[in-house]
Structure formats: structure tokens, C-alpha cells
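Chemist: what follows is a protein structure lacking sequence information:
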């Protein structure tokens, strides 16, 4: 027989599926013997049954009757009692928090009789009638679906009639009249009397809460947050306690440690003679917990004991809500508390030292995303600063530049070498050029998924959004905050990690954590001492060191870096990279060498092309020799040239305009005319899907051969110098095994040639970059020719979704995030259902065909905390990411190993 | 115990895996009692064992000894015999034909002794020594790996010394001396004597044939043709018979019916006193089989009897090779013969009438590709014509136009409204513009996978390639064929179905098959009579009618058409379409309406955009009403607008040049300047992967709503008129189920609105176009919102392969086809391993989530014969293709149903 009701004393924190989050934690506190007002939870089973049949399950009625009886017995009060009435709250509580989505009814149990009892019990007639007024209003709106404005208007009229502005200025008589008026509204609108019978109130409130699971807004919210519709909500029925019954009553929120800094010791706010809403509303000044201790030492001692018990029990920082009713402490809610990144690291190591958790658990309590936050440069703590305003921290970093008010100005000033901060009411796709030109972006409107926020995060650009006190005057070319006016061209400093905006220059320093990661613990501690930061900072650096060291011991995934130059490689190695997962050789064709590539492209015959390629050979060889020297002894994956050759030529439209104008003036340069013809010939409608990667290599004679020869010769040079080079050759944009066969055949030929010339044995692995769905879908075939796979998840995301990142991120990602099509950009965290499924297919089927296949990822997802756990699960050998993400990846790889037990 | 040898008398045609194609058919003929020279086959098992171990399996030696003994006993001759020598041929024969890839050694068994016996037996000393000379030469080159040029040079010197040009002018003594010289070459080059022992010759020849399976060129060929490496080849050892032993000997090839026209009655060529190569070389005139009957009635009667037996047995047209040795017929090879498209249809129905095959089998003997060939317009058979030259038929059709010699001229003349035929030595990507402008293409170089051939087939453009007698003189602007000169501007007629090129105009008529398909049997037969074509043509039309009717009865797949206008729809319905699978609404925004779209794009506020959209509403509604009228009672799938809006605006580069020049002259049109800003703002790097499809619909307010409302109103109009409209709404470029949810929610709202306005109940299905890998990979989720799926396999191929069709087809497909990366364009036939796998995933997982999901395909593959069988196998409900492909799809759907028994 199904049981639909559990008393708080029966459940526990692991029953969130059945009791919801709030109910499970109330039960846990009850089980711990903490003072929770008695109550019970109607389980999610009841909700699911209600959704299935549209009716409450018949057993429920009896179970509720018995549970209410237990409540009344425990408290010695009665629902609807004339002297000592029991009031209860009826609250929703689902497994996953759905803030504001579902219903709550308070003060259930009040009626024309028990309101007198409440007066008696509280000694406050106004309080009793106000509570009744609130019940009728909330019940009418929530349970009986009456338009809430009817009640609000009536309330307003009552205040107007009395000539007062605030609810508190209405006295008991006024409120009693209002109750009558509200009951009249209920009668007229619902065609029935306000139910006097407390049990009827309770039953109707329960149904209203259950129904609220399936309102349109709740379904929309779940769809967006990917919460399954069939979870259902629990209903918590809790006896009410009051913190507003005089000076020995009060209410507060508290944390078992400081969630901002991680300092030990409790921390919170307390408000005497108040109810929960009053704390949130901030009408009166709250007391600190130390002040509470002075005001009410007994209640404070009870609270401290309860919090200590909770922390020891939950083995983590907890936050609590509590009420003191006439000197008695009541715990109303608890949960594991949110915290800042520095607090997360410090608390995790504190708890290890306190023997509450293991080092594995400590590692699981911090995240790569938090570590990344700690690595951003920041404003020098010693410097003076003037706060201009504050917004939402949308994309971290510390940016200092001159205010510009439009995109064109931003681009013009940036072209002159000036750092600029683009300040807009909100941004739209037309601002993209300006954003690219800026060091930071500041908007007055929008939230964390606004255009500015999304695009800035995608670009790694410091950004603060929603600084709503900003007023921008495009005519006066100035920005106003209150009475302060900032002219376009004035300097501001934007802190993307805190949302703060400062007036004038503020010096930027590297974060001590970043100094630790690059130069070691001693250097970081020295910096902390020199810049006069507090002990918390050196404690933080030590915490990071401990947890990262533990992650390195625990992890199965290797961490490589994407590095195109010897300098990048050196930095990556310092940050802990165990190899190069991606060296993009095309970056070595920029600058002056671009002209040589232009000659390759424009060559009119094979001889001319070969001559240009031959000039590139020593340059490439030198690049690779330097790279292999830095990475001596470690695998170094070199990707053959990937982008279409026309990327090395000028822009078609610009050149066409230039030539047309020159011709108009009779001064056309024949070289330009010839170049224009070449650019036109090579122009592609969709270059990302055009003649690039291995297609280019198989079409332009000698291009790949040049690069392969340079790698082979560099390897031979290093061997001659006694080095230990481990170069690997990666074929980009593979769609078919034949492409790998053809490049590999050529590579084997060149290895044999260079080997013979230099008297060494060369056996460089040749592998495939898996960045097209077809390569993943035919991985068994591709693995016949490829000795390793490396997932290019950027391009794989582009082709799997049909997204051109350049085109879509600004054009509609903000819209898609707002309407819930995307919950996050698939370029930030891997889309496990689509792109990830291809990765999984390729790993499994590639390894089935070639059991010793080495598999890694070299897209930007390789450094994304959320994605790394996925890559660990599917069994990759390594992740490769930009040098600065290497520590993040190390930490996440350790966490992933601990979680999967790998 | 493995058996590695099978006599011809032991096997049969179903043993191709074991005996190879040639061996299996020789065994089958032997089993039928036809006169096959005795012989045996070394099975592919032996080849596989040899590949594994590098050695012949030890049992093989004994088995060959025994098989040779059986041969000698059967023929009463001996290997190496001094009087009646047995000679054998040693030929490769794999399961799949690999023409020219593997080795053959003839005349094995000749040595210094048996050459005398052969002289005696044949009575022809020259013949005997020439046979010996050939053996030493072939053996030296093939078996002993001696450079073949050494033998050829020595032969040339012998002829030069004697002052003759031809081999046949060398007499017995010359050839005897050559044998000595060749033996000397063998001695010098291989360090051993030419083996005199016939068994040693045989063993070495067998090993040589087996080794030839794994030569580099054979492996390359197999890789390209996707033939597994582990199949191995069989080796056929067959006693040699000679057709060149005098006037009662001869050799020939024959067909059991005419493979060109399908006429009944045997058909072939016979050459008296000749060997196989002589027939192929065409040195002497051959006799027809009727003439053979007169010359050698007994041998002819035997041949006819054998052929009748073969046809009855194989139940199909067979071709045979045979030799008559001194009046005795020997069958050397048979197989089911290739045939032209008309012959295929006629023979299939003939065989039904002759009770040899069923109608199901007949349907399987023809193909949609053959039907498509029969539908192309052709040159009027009654018209005079002058053949200019002949090349390879690369892309079918009949094109008449003026010769142009370069792409620029082609585009210029075409712009003036003149039909042109582009004539080039060969084409390259720069010729693309010219090809698009032409009605036909003719090249002097290149084969069926040359650039011209591949691109023309992709474009459906008539094309003949490799007309190697063409000489193009770009200075004289003329084309020469022999002594005939064609000036640029002269008219030619190119037949892409036959490879013929005619001088001057030739009138084009629709093919009678096409008339049948569009207007019915009577109209087609009337046309045949009026144009004076022969009975074969009316027989052909009747055959097509019978087989297509049978296909319609047999098929499970429905056939829909892609049609954008009412006229297209009417034509499609006439050709048998059972619905519209894809109506591309953007095509309805071209012409004058483009300006309205431009207003939508350039609208500066919502009001301006809404006004432009409102003007489009009645136009769209009228389009849909007309379409639904034509398709009354049939499903009509309307795709919401798909391409990016900027496709409706001018080209960026052209406009930038125009504005720059106008500004230079001080005459800039403000409208143009504004337009340029809009074009720049909307410009996308990769528009195919940009803001289009459902992304556009969810970003531009009101756009999809306009279209959905127009569909709803058109449906309401039709219902009011008593019609039976079945419009369905298709959402393009879906990547996530949420996109479908959002459009569907809006569609439901509009259906309810229009339904209320018009007093009808509207319940139009809303479905998703599956054209992105992600939609396929998450089909279970997409099917939660989508009521039907339609695969857009063009875009799905583009994203799965990362190919932009516009960019890659001309740029590197020819190269990729040449080096075997592609065996055919994945845009022509579906790539079952990659794209097809996604289709299969989506069908299975979509149906699992929604069992009544209707699934079709509306990409061009829907009309591709090879793809349709795949679509049947994966269980689609329908294919949709261009109206003209509907009959092809009907036929292939019938064939697919018969094959899979569906």
C-alpha cells in the first residue's frame, strides 16, 4: 500500500526524490534532534498520482487526517481551535529548486473562530486580524484563482479612505473590515463562501500546490532548465511559529562559515521582533550574530549548537533560516550553502584539517571554474579607487580604458592604440566590431544572458552588465550616475569578477594564484607579502596548491596544451602541460611569411609554387626545432595547415573597392588587378566548409609535403643534438579514411627519405583530427589508417549543430539562451547529447578497430571544467587546452577521476 | 582437411566467393554439359593461405599434381609431351572483376621438347615457336619480374635487322632465334635458366598470379573500389585450345540477344582462323553469326544450342567467348551480359513473356537510372545530321548551341540570350561560370570522372568528354576535327547520352518514354507512329508501362514531389506524385515580391516590418490556396522560410564597389548607402551555417507567424470551397527540440485564432526537417515535439561531411574521385556509412519516442535510384523528389520492395 505522507521525524536528506529538497532537509534536522516546528510532507508520489488521475489519491485523505492529529497532539493545539489554534503553512518543495514558480499558502487554520484564539494566544489583536486578512487574500488568489488585483485594489482603497500610505497604519478594526470585504470578493468571484472549516482550507491548499506543478510558467521553466516533468512536487505542511511576538522573538539567516571569504566562525543576520520577509526586505537594520548573542544569549547558544551540529553532520558549510518565538529557537530551513571561489578552496582544506572530509572529497568541493576565477588579474588591493557604480559580473577580468559610447568610435580609437571600454545601454549584433576593439564592455541593461554578456564571455572580454544606475546621453556624449558625469574619453576601470566599476585608472596586478601556478608557491607567497594582502590570500594560495597537487595524483587524464610557438610551449610546460596536443602551423605563416604564402597561392605554375614552398621549408623547420626543444621528451602534435589559403589574401570587398576606385582614377596597379582576380577565383561562399584542411593538402601539390618534411628534418636535427623529440603529424578535417591513407603514404615516403638523408630512423605517428560528424561516424574505418585521434570539438560543434560560430554567437545565441533553446553555449561546454554522442561513438568504434589508438581532444572544450568530466567518462587519454587553462584542466581531471573512480 | 583445388566439373555459378567469377561460370558451363576445355580452379582459400603465410599450402602441391593428372587423362595429352603436349593457361579470377590488375600466363607447358610436339600437332612450325617465344617473354616479365622492355627491345631489333615492321613478318627461324635471345635475357637478369620443366613453370606461374593480388596497384584499385583485401583471387588452369589452326578453326564473342536494342535472336562476331586477341584488335573483318552459320554450320549449331541452354539456365541475356578448334566448339567464358537501357526494359518483359522470369524478377532487371536515361529529350530520329566527332557520354541530354571557347565568352553570349556549348580542352574550376551559362559542355580530354564530367552531372548539364580528335585553337578561335574546321560561333549539337557531336542544328524531340510518363500510353504510341520510329520504340514504351505498373503495385514507399508552385504540383501529380514532400516557400518571395522582403529586412522598427509582412500575407495565402487546390486530398508539406534574409539583398562586393564609385563621383544614392550598411550588417562569413531556418524564424518577429497564418487561411478557404486540403508545416534547420516546441506553440495559437475567425477546426501537423547531425542524434527528443520528420539530405550531407556543395563540387571533387577518396559524389547518392547512419539513428530513435511518426526524405537523394533502396530499408514512409524524378522513384521503390520483401 502506497504511503503518501511522512512526518518530518521519519525522513532524511537522501530522500529528495520523495520529499523534495526542503522536506528532506527539514526531516534531516528533525532526525538530528534540532528544534524544527512539527510537520509532515506529502510525497511526490501523491503529486504524480494527482497528475495521472486529476484526483487526490483516496488514501491521502486518511493519512492527512492522521498526520494532522499527530501534529495537534504534539503541540497541544487544534486546527481552528477557539483558544489555542494551530496554524500551518502549506509549501511546495520539488527535488530541484524552481524559485517563484510554485505556490505557498500561509496561516491555514484561521477562521472567524480561531482568529479570536490567535488574538488570545498572541496578545495582539491587530496581528491576528492581519494574519486572517492575509490568509483570505492568499487563499482567494492562489486556491480559488481570483484575480489578485481585486484584493490589492480593495486594500488600497481602505488605506486611501483612512488617509494612510502603509499597511502597518491600518488597525485591528480596519483589518477586520478588510477581512469582510475580502470574503465578499471571494463570494462574488468564486460563487462560494470563504471556507471556514480548517480541514477544507488545508485540502484545497494542498490541491492548489499540486496544481501549481503544471502551470504553463512552471512547465516552461522546467523545459528550459531540463527538469523532467514527471518528478512532481512534494507539499510541506508545517506548524507556524512567529518571530514577531515581541522583543524575545525574532528571525534570521546564518552561515556556518563566511561564504564570501571562507573564514571560520559563524556569520549571519538577525532581526528582533520580525518575520522572514522583513529580513529580506531590509526595512530595518539587522544585528550581526555577535550582537544577537548579546541580545538573546540563550537563543544564540541554541543556534550555535544547532549550526555546529549541522556542519559536522553535513560535513560542509550550511546556511540556515531560523525564528525565535518568545525565546525559543526554531529551525525553518537548512541546506549546503553557496560560496565564492576563494571560500570554496579555503573551506575545503579547512574541513580536511578538521578531519571532517577526505582530500578526495575536498577536491570534489572545488571546481575548475572556481580556479579559473582565481586566475584573472585583478585590481591592486593597495591602490585607491573610486566606485562609480555596480552591475552584474558577466565576464571576469580587470579592464581599464577610455569610455566610448558607440562601436565606430571604439574601433577608431582602438585603431589609434588606445584601450577603450565600450559603454552601451545594451548591445546588439551591430556592436560586435566595437566589442572586439574594446578591452571591456559595460551595459546599463540586461542580465547574464544578454547579448553583451554572452558575446563577451565567448570572446573572453571583461564585461559588466545591468549597471542600471547608468544613464547614457549620446547627444552630450556622456554617462551619468546619480549626479556624477563621466564624459566620453574619461578613463574607467571595470571589474568583471565583482561587477564593480571605478572612476579613473586602477592598477592591475596578477592574481597570487596565477603567480603560484606559473612560478610556484614561494613566488606567490612573496607577492602576497609584498602587496600587503591579508592572510586569507596566502591561505588561499596554499589551499589551491594542496588541492591541485592532490588532483595531479588522482587524475587518469593527461593534460596537454594547445601551443603554436616555442614561447607558448614554454609557458604551457611551466603550467603543467604534459605535451602539445595541437600546434596550429598556419599561425606560423602570418607576419612577413604571409607574402610567401601569397606566392604559393598566386603561383602560375608548379615551378613558381615549388620555389615559394622551398623558401618556407627552413622557416618551418626552425619553428619546429624550437618547439621540439621546448617540449623535449613530451609528445608534440603538429597539425598540418588547416584554413583555406584565401585567408592569407586580402578581403574581397575591400580589394574590389580599391581596384575599382584606382581604375576610375586611371591608376590601377596591375599587381592589385591580378590579386583581385585570384581572390575572386578563390572566394568561397562558405569557407568553413570549403577547400581547407586535408582537402587543401590533397589539392595543392607539395603543401603538406613541405610541412611533413620540415617536421622530419626538425626531428632529425634534434636527434643529432641528443634530444628526445616526439613529434606527431595530425591531418585536419578528415571525412574519409582514404584521406588519411593518402597523407600517411606521403608521410611514410618523406620519413624514409629524410631518414636516409640523415641516417636516422624516423617513425612519426600520423593521426586524424576528428572534427566532422562523418569522421566520427566512420571511426572504425578511419582508425585503420590513423594512429591517433584528436577531437576538434570546435569544428565538430559547428558542423553537428550547423552553427558558424562567428555568425551565430552574436546573432542569436542571446535570444536562444533567453528562450531556453540553449542552456549554455555549446562552444563553452560540450553538448553531450549531440556532439558528445559523436565523440563517444568515435572513441568506442575507433578503439574497437585499433585497440592501442591514442585519443585526445584539442578543441576549446579541452579546458572547460564541465566538459572534462565527460571526456574522462568516455575514456579519452588526454585533454589539450590553451596554456592558461592547463591548471583548470588538471584540477577537473582529478575531480573526474575521483567521481568515476577511474 | 582443406581442399584447395576444384575441377571445373565440380563447382557452380554460386561459388564466386571460392572460385572467383570466371571460375564459377566455367564450372557452371561444365556442369551444364557445355563443351568447356577441361581445367581446374585453385580456390581463393589457397590465396588467403598464401597471403597469411607467404607460402603455398603444402597440400596444394599434391592436389595440383592430381588435377593435372586428371586433365592429362581426360585429353590424352601430357604436360611437356614430345608428341601431344598439353598446354595450359594460368589466369587470375577474383570475385569482383579487377580488369588489368592481375596476371595471366599462357602457353604454360611449352619447352624445348614440347615445342616440337606442338609443331607436330598443329602442323605449323611458326605458330609453335611464336607460342614458345610468347611464353618465355610473358613468363620472364610476369613470373621472374624482369623488365618487360628488355624483351620488347630485342623483338624490335630482330624486326629491324630483318627490315620488317610487324611481328607476323618474322618466320619460324627468326622466332626460334628470338626464343634463344629471350632465354639469354632470362639467364642474365634472373640468374637462372628459363625453367624447362613444365610443372615448375606451372608452380611458378601459380605463385605469380597469387602474388599479383597484393601488388601496390591492385591494392590501390581495391581500396578505391572498396573491395576487401582479404577476398583473395582464384587461379584458373585451363587446357588451351586454338582457333588459329586453319579454316575450320576460329574464335568469337556472342550475345544471346542484342544488348544494344534488346532484339531477340543471337548476335555476335566470328573470326575464322584467329585467336581471341585478333577479334579485339579488329585487324580483320569479322563475320556475323549468320555468316558463321554459312561458313561452319556444325559449329554454329553447337554454339546456338549452347547459347540457348545458357539463356534458359541463367534466365537472362548472356555473353560468351568461344573458340572453334578444327570444327569443335569450345566455350571459354560466359557471364550475364551488360546491356543498354532500352534493351534492359525490352529484354526484361520478353523474358516474362517467355515464362523464364516473374514480373518481380523483371522489375529487378531494370533500374531507375536506366529509366532516367530513357526520359531525356533526344535528337529527332527523322532529321538529317552530320557527325562531327564522338567522345564519352558523360552527362545525358541533347544540347544545341553555338560553340564558345572560353568561359567569359560563354557568359557574355548567354547573357545576350544565345544558347552556347562550351568547348574546352579540359575544364577547371575557373570554367564554372561558363559551364553554368552553357546548355552543353564538350571537352577533348578527360574521362567520366574529369572535372567537366563531375560538375556537369552535378548540374544536370549535357556533357561529352574525351572527344580526343578535337583540336582547339584559341588564337584562330576555332576547333578542328581532322580536316574539318568549326569556328567559334558555329552551331553544334551534343548528345550526352551517346557521346556523339553533330555539326549544325539538329531538332530535339521529347523521348517517347517521357511522353508516356506525362501523358499516358496512347499519347506516346501516337508520337512514335508520327515520328516514324521503329517498332522497337513502341515495344520499349509498352515495356516501361508494364514494369512501372508492376512497381506501383509492389512498392511500400510512397513517392512525393518537391514542388514550389501550383504548376510544379500539377506536373508532379501527372507524373504520379502522391503528395508534396517539400514546398520551398522562399521561392515565392522572388521576383517583384523581393522588394517586400527587402522592406522586412530593412525595417527600422517593428511597425515597418509588420506592415511589410502584412502585405506579403495575401500573396502567400493565394500561393498556398493554388497549391492546395492542385494537391486536393494529398499531403502537402510546406516548409517555412529557410535561407538567410540577406540572400534577398544585393551582393556585398558589387554594392560596395557601386557605392564607392558613386561617392567618388559625388553622386551617392542615400538609398544605396543605407542598403550597403544593411548588407554589411547582415553579411555572414558562412551563411549556410548562420542565421537561417528556424533560427531566423525565432529571431525575426512575425516572419514565421505570417507564413503559418497564410497556410491556415488557405486551408480555411479550401475547406469553405468543399476541398480536402492536407497542409503540413515543416520547420527547417532544427537542431534542438525546443525550436520545434516554440514554433509549434506559435502554430497552435494561430490555428486556434484562424479556426475561431473562420469557424473551422484546424489541426495541421507540425514537423521537423532533419538536416543537421544534431537533430538526428537527438531524434528521440525532437520527436516529442515534431509530428513528422523529413530528411533534408542535401544539408545533412553538407554538415556531416563539412562540405559546402557550392564550394567543393568544382574545387576538389574531381580530384577526390580520381584519387579514390570518393567513389561518387555524396550529393548524388547517399553516403550510407556516414549520412545514412544518421538517417537510420533518427528513424529508429524518433519512432521509439513517437510510434506513429511519419518519416520521409525531401533532399535530392529522394530521386536517386541507389539511395531509394536504402531509404526503403531504413523504413521511411515516403521519398520526395523533383517532379521529373517521380517515375524513377516509383520504379526504384518497387524494386526495393521486391528485394527486401517489404
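Modeler: Received the coordinates, thanks. Here the structure is a predicted model, which is why all the values come from computation and not from measurement.

Chemist: show the end-to-end separation of stretch A:312-322, please.
Modeler: 18 Å (C-alpha to C-alpha, to the nearest Å).

Chemist: what does the average pLDDT come to for it?
Modeler: Per-residue pLDDT over stretch A:312-322 has a mean of 94.

Chemist: pull the distance from that stretch to the chain's centre.
Modeler: 24 Å (C-alpha atoms, centre = their mean, to the nearest Å).

Chemist: then stretch A:298-317?
Modeler: 30 Å.

Chemist: what lies in contact with it?
Modeler: A:13, A:28-29, A:32, A:34-35, A:250, A:254-257, A:259, A:266, A:289, A:292-293, A:318, A:320, A:322, A:324, A:327-329, A:331, A:334, A:336-337, A:339, A:343, A:347, A:351, A:356-357, A:361, A:365 (C-beta atoms under 8 Å, 6 or more residues apart in numbering or on different chains). Heads up, the C-betas are built off the backbone N, CA and C, glycines and all.

Chemist: could you list which of the residues you listed belong to helices?
Modeler: Mapping these onto helices (DSSP state H) picks out A:28-29, A:289, A:292-293, A:343, A:347, A:351, A:361.

Chemist: avg pLDDT for stretch A:528-537?
Modeler: 85.

Chemist: start and end of that stretch, how far apart?
Modeler: Span of stretch A:528-537 from end to end, C-alpha to C-alpha: 7 Å.

Chemist: and it, how far from the chain's centre?
Modeler: 29 Å.

Chemist: now tell me what touches that stretch from outside.
Modeler: A:261-263, A:342, A:346, A:380-382, A:509, A:512, A:538, A:541.

Chemist: just the buried members of those?
Modeler: A:261-263, A:342, A:346, A:380, A:509, A:512, A:538, A:541 (16 or more other C-beta atoms under 10 Å in any protein chain shown).

Chemist: OK, contacts around residue A:22?
Modeler: A:91, A:93, A:234, A:236, A:333 are the contacts of residue A:22 under C-beta under 8 Å, 6+ apart.

Chemist: please identify which of those residues is nearest to chain B.
Modeler: Using C-beta to the nearest C-beta, residue A:234 comes nearest to chain B of the contacts of residue A:22, at 25.9 Å.

Chemist: show me what contacts that closest one?
Modeler: Here residue A:234 is in contact with A:18-20, A:22-23, A:41-44, A:47, A:92-94 (C-beta under 8 Å, 6+ apart).

Chemist: can you tell me which of those end up in strands?
Modeler: A:41-42, A:92-94 (DSSP state E).

Chemist: residues near the residue in the stretch 301-450 of chain A that chain B sits nearest to, how many?
Modeler: Of all residues in the stretch 301-450 of chain A, the one sitting closest to chain B is residue A:430 (5.8 Å; C-beta to the nearest C-beta). Neighbour count for residue A:430, taken as other C-beta atoms under 10 Å in any protein chain shown: 14.

Chemist: ok, it touching residue B:683?
Modeler: No. Using C-beta atoms under 8 Å, residue A:430 is not in contact with residue B:683, being 11.9 Å away.

Chemist: follow-up on the earlier one: just the buried members of the contacts of stretch A:298-317?
Modeler: A:13, A:28-29, A:32, A:34, A:250, A:254-257, A:259, A:266, A:289, A:292-293, A:318, A:320, A:322, A:324, A:329, A:331, A:334, A:336-337, A:339, A:343, A:347, A:351, A:356-357, A:365.

Chemist: sort out for me which of those residues are in strands.
Modeler: A:250, A:254-255, A:318, A:320, A:322, A:324, A:329, A:331, A:334, A:336.

Chemist: want to throw the ones in strands among the contacts of residue A:234 into JSON lines with pLDDT?
Modeler: Shown next, in JSON lines, are these (pLDDT from 0 to 100):
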{"residue": "A:41", "pLDDT": "97"}
{"residue": "A:42", "pLDDT": "97"}
{"residue": "A:92", "pLDDT": "92"}
{"residue": "A:93", "pLDDT": "91"}
{"residue": "A:94", "pLDDT": "91"}
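
Chemist: let's see the PyMOL selection covering just the buried ones among those residues.
Modeler: Burial among those is assessed by 16+ other C-beta under 10 Å; the matching PyMOL selection reads:
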select buried, chain A and resi 41+42+92+93+94
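
Chemist: mind putting the ones in strands among the contacts of residue A:234 in a markdown table, distance to chain B included?
Modeler: Below are the ones in strands among the contacts of residue A:234 laid out as a markdown table (distance: C-beta to the nearest C-beta, whole Å):
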| residue | distance to chain B |
| --- | --- |
| A:41 | 31 |
| A:42 | 29 |
| A:92 | 24 |
| A:93 | 27 |
| A:94 | 21 |
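
Chemist: JSON lines for the ones in strands among the contacts of residue A:234, including distance to residue A:202?
Modeler: Below are those laid out as JSON lines (distance: C-beta to C-beta, whole Å):
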{"residue": "A:41", "distance to residue A:202": "14"}
{"residue": "A:42", "distance to residue A:202": "11"}
{"residue": "A:92", "distance to residue A:202": "15"}
{"residue": "A:93", "distance to residue A:202": "16"}
{"residue": "A:94", "distance to residue A:202": "20"}
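
Chemist: is it true that residue A:649 touches residue A:675?
Modeler: Yes. Using C-beta under 8 Å, residue A:649 is in contact with residue A:675, at 7.0 Å.

Chemist: residue A:546 looks like it's in a helix, true?
Modeler: Yes. Counting by DSSP: H, G, I helix; E, B strand; the rest coil, residue A:546 falls inside a helix.

Chemist: count the residues that sit near it.
Modeler: The burial count for residue A:546: 18, using other C-beta under 10 Å.

Chemist: so who does the closest residue in space to it that isn't next to it in sequence touch?
Modeler: In this structure, residue A:546 finds its nearest non-sequential neighbour in residue A:349, 5.5 Å apart by C-beta to C-beta, 6 or more residues apart in numbering or on different chains. For residue A:349, the contacting residues are A:362, A:542-543, A:546-547, by C-beta under 8 Å, 6+ apart.

Chemist: all strands for the stretch 151-300 of chain A, in order.
Modeler: A:233-239, A:250-255, A:267-272, A:287-288 (DSSP state E, counting those that start in this stretch).

Chemist: how far out from the middle of the chain is the second one?
Modeler: Spelled out, that is strand A:250-255. The answer for strand A:250-255 is 28 Å, by C-alpha atoms, centre = their mean.

Chemist: and it with strand A:328-336, angle?
Modeler: 30 degrees (axes from the mean of the first three to the mean of the last three C-alpha atoms, to 10 degrees).
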